[in-house]
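Asker: the sequence and its predicted three-dimensional model are supplied below.
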Amino acid sequence: MSSAHPPSHPEPNLLRGHLDLILLSIIEGDPKYGLEISKQAQDRTDGYFDLRVGSLYPALHRLEKAGFVRGEFQPAARGGVPVKVYALTDTGARELTARKREFETFTQQLGRLWQPKGTPL
């Protein structure tokens with residue numbers, strides 16, 4: 001793929017392989033509910049990450065089961081049905097730090113493959 005413009009959305013397998021890192025990055029800081037997480041993914045990346053409910057909630061449940069996030073039902077802002085809000089746990093914060101470091105190393109090394117041999121980065 002050699003286009004002058006970046007793709008409008010990531011290739012699905014690429015997204016799937018990095019979804020946990022994306023979610024942990026968004027949840028870091030204040031607790032957030034599912035649709036808020038999805039909206040922030042879109043807003044903070046100018047629409048590049050468009051997380052669908054069919055992949056978002058199973059991933060959040062997986063992260064919760066792993067102990068990386070904690071889900072808690074809270075009253076909705078305008079009344080009505082309570083919403084499940086997700087917060088990063090201490091274990092999740094450590095996991096996020098490790099995954100960021102791993103991803104940075106991965107992208108650095110991938111970049112080295114794109115440079116002609118002997119060219120400084």
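Answerer: Nice, thanks for sending it over.

Asker: biggest helix in the protein by residues?
Answerer: Ranked by residue count and defined by DSSP state H, the top helix of the chain is helix 90-114.

Asker: flag every buried residue along that one.
Answerer: By neighbour count with 16 or more other C-beta atoms under 10 Å, helix 90-114 contains the buried residues 92, 95-96, 99. (Each C-beta comes from the backbone N, C-alpha and C, glycine too.)

Asker: same check on stretch 58-67?
Answerer: Going by neighbour count (16+ other C-beta under 10 Å), the buried part of stretch 58-67 is 59-60, 63-64.

Asker: please, which helix or strand holds Lys84?
Answerer: strand 83-88 (DSSP states H and E).

Asker: before we move on, what about Arg78?
Answerer: Under DSSP H and E, no helix or strand contains Arg78.

Asker: tally of neighbours for it?
Answerer: By other C-beta atoms under 10 Å, 5 other residues sit near Arg78.

Asker: with Val85 instead?
Answerer: With neighbours defined by other C-beta under 10 Å, the count for Val85 comes to 19.

Asker: partner residues bridging it?
Answerer: When assigned by DSSP bridges, Val85 has beta-bridge partners Tyr33, Glu72.

Asker: pLDDT wise, what is it at?
Answerer: Looking at Val85, its pLDDT reads 97.

Asker: you'd agree it is up against Leu35?
Answerer: No. Applying C-beta atoms under 8 Å, one finds Val85 not in contact with Leu35, separated by 11.1 Å.

Asker: quick check: closest non-adjacent residue to Arg44.
Answerer: Take Arg44 and drop its neighbours on the chain: the residue closest to it by C-beta to C-beta, 6 or more residues apart in numbering is Ile26, 7.5 Å away.

Asker: so where does that neighbour fall, helix or strand?
Answerer: Using DSSP H and E, Ile26 falls in helix 12-27.

Asker: pull out the buried positions in that helix.
Answerer: Neighbour counts over helix 12-27 (16+ other C-beta under 10 Å) mark 15, 19-20, 22-27 as buried.
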